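>>> make a model of this:
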Amino acid sequence: MKKTLKFIAFTLLIVIAIYFLYGKFFKQEEAPKALTTRLEKGSIRGTVTAAGEVYARDLVDVGAQVSGQIKKLYVKVGDKVQKGDMIAQIDSVTQENEIAQQKAQLLIHEANLASAKIAAANAKTQYNRELQLYKRNAASKEAVENAKNSAALKEAEQKQIEAQIEQTKLQLSTAETNFGYTKITAPISGTIVSMPVEEGKTVNSNQTTPTIVKIADLSKMEIKMQIAEGDISKVKVGMDVEYSILSDLDNIKKAKIYKIDPGLTTLSDGTYDKTSSGSSYSSSSSDSAIYFYAKMLVDNENDFLKIGMTTENNIIVSEANNTSYLPTSVIKRDAKGDYVTVLNGKEPEQRYVKTGVSDDLNTEILSGLDEKDEVLIADGKAAPLNMDGPPMVF
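Modelled structure (predicted):
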C-alpha cells in the first residue's frame with residue numbers, strides 16, 4: 001500500500017514538472033493583434049453649437065402720454081387684441097376742463113376781434129374825414145396825424161387779437177389731442193404679454209412715459225443665438241440651423257440665419273462701455289467670454305415658442321454626403337500636414353492625407369488613402385499606439 005502511494009505521488013510530481021517545463025520553454029505566446037479601421041462611407045456635418053433665447057420680433061411698449069388716474073383696463077395678460085382696440089381709460093376730467101377753458105377763451109377772443117374790427121373801421125373812417133378836411137384847410141395837420149395814428153393802432157390791436165385767436169386754436173387742438181390720449185388703444189395687433197399697472201393707479205407722464213401694457217406679435221419670433229468668438233468666423237448669413245427647446249429636445253425644427261450683429265452682445269444690448277483709459281475694460285473683458293448674436297426668424301405655429309425660452313441650436317457650417325471618413329482620433333498633424341498610420345505588411349507606414357469636413361467624431365478624407373488600407377488605431381497593447389505628432393484638432 002505504501003509503495004502504491006509513493007508511486008502515485010512520484011507520478012504527480014513528474015506531470016507537474018513536465019507541464020511547467022512545457023509552459024516555460026515550448027509554449028509560444030500569441031502576438032497582440034493591432035486594432036485597425038478602414039475608410040467608411042456616409043454623411044458628415046460640421047456644426048457650431050450655440051445657446052439661444054426666444055424674443056418677439058415685434059414688442060411694443062404702450063405708454064400714457066398724459067397724467068392721470070387709470071379708470072379702466074379693458075385687457076389682461078394673454079388677451080389677443082387688434083390694432084385700434086381699447087386698452088385703458090385714463091381719468092379725463094382735467095383734459096375736458098382744459099378743452100372747455102380753451103373754447104371759452106376762444107369765444108372771448110372772437111368777441112374782442114369783432115369789437116376791434118369795428119373800432120379799426122371807425123378809426124379809419126375818422127382818418128379819412130380828417131384828411132378831407134385838411135385838404136380844404138378845415139382841419140389841422142396835427143388832427144390828421146392823430147387820426148392816422150389812431151387808425152394804425154386800432155388795426156394793430158385787431159391783428160393782435162387775430163393772433164391770440166390762432167394761439168387759442170392751437171391750445172384747443174392740443175387739449176383735444178390730450179383728451180384723445182386718455183383713451184389708450186392698441187398700436188398693433190398682437191397679444192398682451194405684460195401689464196405693469198392696475199386700475200386706480202395714477203400715472204405721471206411729466207417725468208417718464210409710464211408703460212400701461214406691452215403688446216407682442218407672437219406669430220413670428222426671433223431667436224438670438226450667442227456665438228463664441230472662436231466660432232463666429234465660421235458662421236454666415238443664410239446657414240441652416242437645427243434648433244429645439246429644452247422642454248422638447250427631440251422635436252427638432254429648422255430655420256436659417258438672417259442676420260449677424262456687427263459687434264459683441266454687450267454692444268447689441270446697449271451695455272457696452274469702453275473707458276478712455278482702457279484699464280477697466282481690459283480687466284473685465286479678460287475675465288469674461290466674448291459672444292456675438294446670430295439671429296433667425298421663425299414662424300410660431302400653435303404658439304410653440306414663448307418669449308424668454310432657451311433653445312439649443314446646431315448651426316450647419318459644412319456638410320458632405322456619401323463621402324469617405326475616418327475617426328478624427330486616428331488623424332495626427334505635424335509641420336507637413338495631416339497624416340495617419342497605415343499597416344503596410346507588418347511595418348506601420350505614415351501616410352499624409354487631405355481632410356475635409358469634420359464633426360465631433362469623424363473627419364472626411366478627400367485623398368491619400370484607399371478603401372482597402374488598414375489604418376492603425378492601436379498596436380494591441382493595453383495603451384493606444386503612441387505615434388509621433390499631436391492629435392488633430394478641428
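
>>> now the residue lying closest to E176 once chain neighbours are set aside: how far from G263?
Using Cβ to Cβ, 6 or more residues apart in numbering and skipping residues adjacent in sequence, the residue nearest E176 is I99, 5.9 Å away. Every C-beta, even on glycine, is put in place using the N, C-alpha and C of the backbone. The spacing between I99 and G263, counted by Cβ to Cβ, to the nearest Å, is 49 Å.

>>> between these two, point out the one with more neighbours.
Neighbour count, other Cβ atoms under 10 Å: between I99 and G263, I99 has more, with 19 against 11.

>>> check contacts around the more buried one.
By Cβ atoms under 8 Å, 6 or more residues apart in numbering, I99 lies in contact with 172, 175-176, 179.

>>> any idea which of these has the most stuff around it?
A175 (20 neighbours).

>>> that residue: helix or strand, and which one exactly?
Taking DSSP states H and E as the criterion, the element that holds A175 is helix 141-181.

>>> who are the packing partners of that helix?
For helix 141-181, the elements it packs on are helix 93-135, judged by 3 or more Cβ pairs under 8 Å, 6 or more residues apart in numbering; DSSP states H and E.

>>> what's near enough to touch M225?
Taking Cβ under 8 Å, 6+ apart, we find M225 in contact with 50-52, 241, 293-296, 311, 313, 315.

>>> need those residues in a markdown table (columns: pLDDT and distance to A156).
Listed next are the contacts of M225 as a markdown table, based on pLDDT from 0 to 100; distance: Cβ to Cβ, whole Å:
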| residue | pLDDT | distance to A156 |
| --- | --- | --- |
| A50 | 95 | 74 |
| A51 | 95 | 73 |
| G52 | 96 | 70 |
| V241 | 96 | 74 |
| Y293 | 96 | 64 |
| A294 | 97 | 68 |
| K295 | 97 | 64 |
| M296 | 97 | 68 |
| T311 | 96 | 72 |
| N313 | 96 | 74 |
| I315 | 96 | 75 |
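
>>> if any of these are buried, put those into a PyMOL selection.
Remark: buried members of the contacts of M225, expressed as a PyMOL selection using 16 or more other Cβ atoms under 10 Å:
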select buried, resi 50+52+241+293+294+295+296+311+313+315
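
>>> how close does the residue nearest to E176 sit to T174?
Taking Cβ to Cβ, one finds I99 at 10 Å from T174.

>>> and G200, what does it touch?
Here G200 is in contact with 69-70 (Cβ under 8 Å, 6+ apart).

>>> and if you look at the one 10 residues further on?
Contacts of P210 were listed using Cβ under 8 Å, 6+ apart, and they are 63-64, 197, 203-204.

>>> the residues you listed in strands, which ones?
63, 203 (DSSP state E).

>>> from the contacts of P210, which single one is nearest D91?
V203 (10.1 Å; Cβ to Cβ).

>>> which one is the closest one nearest to, not counting chain neighbours?
Using Cβ to Cβ, 6+ apart, the closest residue to V203 is P210 (4.1 Å).

>>> find me the pLDDT at the one you found, would you?
Per-residue confidence (pLDDT) for P210: 87.

>>> tell me the spacing between it and P187.
P210 is 16 Å from P187, by Cβ to Cβ.

>>> Q65 now?
From Q65 over to P187 (counting by Cβ to Cβ), the distance is 12 Å.

>>> can you check K154 too?
50 Å.

>>> A100 now?
Counting by Cβ to Cβ, the gap from A100 to P187 is 29 Å.

>>> likewise I365?
58 Å.

>>> of those two, who's got more company?
I365 (22 against 14).

>>> so which residue is dead centre in the chain?
When Cα atoms, centre = their mean is applied to the chain, the residue found nearest the centroid is K224 (3.9 Å).

>>> give the bridge partners for it, please.
E53, K295 (DSSP bridges).

>>> surely it meets Y293?
Yes - counting by Cβ atoms under 8 Å, Y293 is a contact partner of K224 at 5.0 Å.

>>> quick check: closest non-adjacent residue to L366.
K354 (4.4 Å).

>>> what kind of secondary structure is V77 in?
coil (DSSP: H, G, I helix; E, B strand; the rest coil).

>>> how close does it get to I118?
Distance from V77 to I118, by Cβ to Cβ: 63 Å.

>>> next one: T185
Going from T185 to I118 by Cβ to Cβ gives 47 Å.

>>> so for the two, which residue has more residues nearby?
Neighbours were counted for T185 and for I118 using other Cβ under 10 Å; T185 has more, 15 against 12.
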